[in-house]
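*Asks:* Next input, structure requested:
(chains A and B)
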There are 2 protein chains.
Amino acid sequence: MVSHMLDEIRQQPDIIRNLITNEFPRVEALSAAIKSRDIRFAYIAARGTSDNVAHYAKYVLEIEHGIPIALAAPSVFTIYDAIPHLDERALVLGISQSGSGPDVLAVCDRARKTGALTACITNDASSQLAQSVEYPLITPAGPEISVAATKTYTSALAVVALLSTALAADKPDRLAELRRSADQIQATLALDETINALVQRYKDMESCVVIGRGYNHCTASEVALKLTETCLIGAKSFSAADFMHGPIALVHRGYPVILIAPDGKGYDTMQELSEKLRPIHPAVISFAHDPGFLAGSETAIRLPGATPEWLSPLVYVVAGQLFAHWLAVAKGYDPDHPRGLAKVTKTR
Amino acid sequence: MVSHMLDEIRQQPDIIRNLITNEFPRVEALSAAIKSRDIRFAYIAARGTSDNVAHYAKYVLEIEHGIPIALAAPSVFTIYDAIPHLDERALVLGISQSGSGPDVLAVCDRARKTGALTACITNDASSQLAQSVEYPLITPAGPEISVAATKTYTSALAVVALLSTALAADKPDRLAELRRSADQIQATLALDETINALVQRYKDMESCVVIGRGYNHCTASEVALKLTETCLIGAKSFSAADFMHGPIALVHRGYPVILIAPDGKGYDTMQELSEKLRPIHPAVISFAHDPGFLAGSETAIRLPGATPEWLSPLVYVVAGQLFAHWLAVAKGYDPDHPRGLAKVTKTR
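*Replies:* Coordinates of the predicted model:
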């Protein structure tokens, strides 16, 4: 029997195609509000997997649209009961699969009262979060049964990409790129058997680092989170730059290092890191398209090419989801029911 | 012979006392500029240890002064060459011990051109960073010889605390609290021998998690970074809330979990986490003042009490520095020269 997690991983291309068509009007309405209210910065509240979506949104909105992005520390609102000054020139965006996280709700509620433009990304249109903001954006991913989030993560990334498209001058080009990314996810799913075979040698992996740069910092964090949740591995993610500032000391011969290195502007730092790692002889597992990059790795996972860098997080994470899924199976774990986790975690 | 790292750890109370007296006028000038320019949000650029200072600044400035804080992803500026909209209502703060990090410099330079109020915290008054901003704030920590930053970290925290004091209505009370925190650091240094004895049982520790909440999220990150750098431990830090959203699955019987749990508003979540951990029987190492909290731990490190929560990061990290230092020695490492690290790492 196919696990729920694998089934949900496989649903991703269709969900994203559907989302591009059906959610665009709602996303365009938010885009129009951002423009008409002359929004000066955005404040995003999220936890866990959704926090990795928030990091993606930070890169997309700052790089493509110049909107400075603050990521909320929810405890500022919930524990310290503080009221950061979020007025009518601020956009506040809550991201929560369930739409029921008390901390994300608290940030949005508070911000609405102080006059901010409020929006959310959630997989539940009837959730309290969706009801409490002016612009709810819904991921049409359907119920997610596996505890480890997969399709709700990529759907939320796609909503952010769609928002960037709506804000941009070159809408038709970007829409076409986004549609092609669904095909590239499909092509990545074809790596299923290959990845299942490759993970066998890492059955005894107990810890690792996962490294990305720029747009794919979120991919590194999300892959590390999936490995932690489903394989019970102490997986730690870093930006390549932060990693070279200290934690690289940790790496020794044979230590597993996962590199997320799609083509694009972040590639050069990944290449630089790869060269720094070479004399140490760690066990490098690379997710990349460039054959030169892959050639130096113990394990090379070749992703489809021609994905624009801003959309590569949607595609590359899928290979990481497959890696985590099959490694969990190889370790004898049930990927659908990670030890000690519930689907919805309510924290203040 | 005492290591440079231990010597520098011991210098901290005097440096902070000196800083409170001598740097206050410069900090007050920045505070006046923040008020007169009606700053709406702040954007902070930092890497490595300085990034943990940035996280402290986020909590202090949002909670105590309502200023929303964005933490820069420096690659947005350096790799993607983007220009987030940072105008005269934005404060841009670069934090860098050396004042020579190209990424932090790039953010401050760009922001000055777009009209933002610019400031920095650095240990080198003659550095390029100090020269390039309007309000350079200097940590008078003197040269730091150990590669692992200790006194420059707490000095930078103290500068942030001093800025909060200058912005606050109750300046004299806060100045007195800050002065008392230097005494509490002194009292924490008296734990030196105790901690040296306690670490022996963790000589074989290869990985661990370090968990804090709210104000002490930065303490957890900094202690994890010190353990990674000096002890080559795969140490991963989490906010207690994020940890309960997934990574708690990682913990099993005997797994080392370091809890940073000072008194204050963050304490309840740490208590809740501690109760969730109990049935799993991990090896809990607690840094706390409350005897009830410490009672349930395998290893209890009791810190001085009566530190206001907003200043507890200055005090608690010192116990973590001692822990990392003595554990490195117990493992047979030279804490002054971590494998593979240089004092100044230049990344774009």
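
*Asks:* in the stretch 151-300 of chain A, which spans are strands?
*Replies:* Secondary structure of the stretch 151-300 of chain A (DSSP state E, counting those that start in this stretch): strands located at A:207-212, A:234-239, A:256-261, A:283-288, A:299-302.

*Asks:* and the second one, does that touch chain B?
*Replies:* Put plainly, it is strand A:234-239. Yes. Judged by C-beta under 8 Å from any C-beta of the partner chain, strand A:234-239 comes into contact with chain B at A:G234, A:K236, A:S239. In this view, the C-beta of every residue, glycine as well, is placed from N, C-alpha and C.

*Asks:* hang on, the earlier thing: the strands of the stretch 151-300 of chain A: lowest mean pLDDT?
*Replies:* Per-stretch mean pLDDT for these is lowest at strand A:234-239 (a mean of 89).

*Asks:* Adjacent strands (with direction) for it?
*Replies:* Strand A:234-239 pairs in its sheet with strand A:207-212 (parallel), by DSSP bridges.

*Asks:* Not counting sequence-adjacent ones, nearest residue to A:V223?
*Replies:* Closest residue to A:V223 apart from its sequence neighbours, by C-beta to C-beta, 6 or more residues apart in numbering or on different chains: A:G320 at 3.5 Å.

*Asks:* want to try JSON lines for the strands of the stretch 151-300 of chain A, with mean neighbour count as columns?
*Replies:* Below are the strands of the stretch 151-300 of chain A laid out as JSON lines (neighbours: other C-beta atoms under 10 Å in any protein chain shown):
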{"stretch": "strand A:207-212", "mean neighbour count": "27"}
{"stretch": "strand A:234-239", "mean neighbour count": "25"}
{"stretch": "strand A:256-261", "mean neighbour count": "26"}
{"stretch": "strand A:283-288", "mean neighbour count": "24"}
{"stretch": "strand A:299-302", "mean neighbour count": "18"}
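
*Asks:* follow-up on the earlier one: specify which member of the residues of strand A:234-239 next to chain B is nearest to B:D183.
*Replies:* Using C-beta to C-beta, A:K236 comes nearest to B:D183 of those, at 35.7 Å.

*Asks:* Nearest residue to the closest one in space, please, no chain neighbours.
*Replies:* Residue nearest to A:K236 in three dimensions, not counting chain neighbours: B:K236, with 4.7 Å by C-beta to C-beta, 6+ apart.

*Asks:* In this structure the one you found contacts B:V209, no?
*Replies:* Yes. The criterion here is C-beta atoms under 8 Å, and B:K236 meets it with B:V209 at 5.2 Å.

*Asks:* Return every residue with contacts to both of those two.
*Replies:* Taking C-beta atoms under 8 Å, 6 or more residues apart in numbering or on different chains as the contact criterion, the residues that touch both B:K236 and B:V209 are A:G234, B:A224, B:P247.

*Asks:* Looking at those residues, which is nearest A:R112?
*Replies:* B:P247 (31.1 Å).

*Asks:* Near the closest one, how many other residues are there?
*Replies:* 24 (other C-beta atoms under 10 Å in any protein chain shown).

*Asks:* picking that back up, tabulate the shared contacts of B:K236 and B:V209 (CSV), appending distance to A:E134.
*Replies:* Compiled in CSV, these are given as follows (distance: C-beta to C-beta, whole Å):
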residue, distance to A:E134
A:G234, 41
B:A224, 39
B:P247, 33
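
*Asks:* Which residue of chain A lies farthest from its centroid?
*Replies:* A:P279 (31.1 Å; C-alpha atoms, centre = their mean).

*Asks:* how close does that one get to chain B?
*Replies:* Noted for A:P279: a distance of 10 Å to chain B, by C-beta to the nearest C-beta, to the nearest Å.

*Asks:* Check A:A319 too.
*Replies:* 20 Å.

*Asks:* That residue: how many residues sit nearby?
*Replies:* 24.

*Asks:* Can you name the residues that contact it?
*Replies:* A:A319 sits in contact with A:T188, A:L191, A:I195, A:F287, A:I301, A:L303, where contact means C-beta under 8 Å, 6+ apart.

*Asks:* what does the stretch 201-348 of chain A have sitting close to chain B?
*Replies:* Residues of the stretch 201-348 of chain A lying close to chain B (C-beta under 8 Å from any C-beta) are A:206-207, A:209, A:213-214, A:217, A:225, A:228-229, A:232-234, A:236, A:239, A:241-242, A:244-252, A:265-266, A:268-269, A:280, A:338-341, A:345, A:347-348.

*Asks:* Tell me where the model's unsure across the stretch 151-300 of chain A.
*Replies:* By pLDDT under 70, the stretch 151-300 of chain A has no low-scoring segment.

*Asks:* and if we set it to 90?
*Replies:* Scanning the stretch 151-300 of chain A for pLDDT under 90 picks out A:207, A:229, A:233-234, A:236, A:241-250, A:296.

*Asks:* could you pull out the helices for it?
*Replies:* Shown for the stretch 151-300 of chain A, the helices assigned by DSSP state H, counting those that start in this stretch span residues A:151-167, A:171-189, A:192-198, A:217-231, A:240-244, A:267-277, A:291-295.

*Asks:* any chance of these in JSON lines, with distance to B:Q131 too?
*Replies:* As requested, those are exported to JSON lines (distance: least, C-beta to C-beta, whole Å):
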{"stretch": "helix A:151-167", "distance to B:Q131": "37"}
{"stretch": "helix A:171-189", "distance to B:Q131": "41"}
{"stretch": "helix A:192-198", "distance to B:Q131": "51"}
{"stretch": "helix A:217-231", "distance to B:Q131": "30"}
{"stretch": "helix A:240-244", "distance to B:Q131": "23"}
{"stretch": "helix A:267-277", "distance to B:Q131": "27"}
{"stretch": "helix A:291-295", "distance to B:Q131": "38"}
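
*Asks:* returning to what we had before: please identify which pair of the contacts of A:A319 lies farthest apart.
*Replies:* Of all pairs drawn from those, the greatest distance, 11.1 Å, lies between A:I195 and A:L303 (C-beta to C-beta).

*Asks:* Can you get me a residue count around A:A190?
*Replies:* 9.

*Asks:* actually A:A125, not the one I typed
*Replies:* Neighbourhood size, A:A125 [other C-beta under 10 Å]: 13.

*Asks:* Buried ones in the host helix or strand of A:T21, by neighbour count?
*Replies:* A:T21 is part of helix A:12-22, with elements assigned from DSSP states H and E. Neighbour-count burial for helix A:12-22, counted by 16 or more other C-beta atoms under 10 Å in any protein chain shown, picks out A:Q12, A:P13, A:I15, A:I16, A:R17, A:L19, A:I20.

*Asks:* quick check, nearest of those to chain B?
*Replies:* Nearest to chain B, judged by C-beta to the nearest C-beta, of the buried residues of helix A:12-22 is A:Q12 at 20.0 Å.

*Asks:* The closest one and A:A187 touch, don't they?
*Replies:* No. A:Q12 is not in contact with A:A187 according to C-beta under 8 Å; the separation is 12.0 Å.

*Asks:* In contact with A:F323, which residues?
*Replies:* A:I195, A:L198, A:V199, A:V223, A:L227, A:I285, A:I301.
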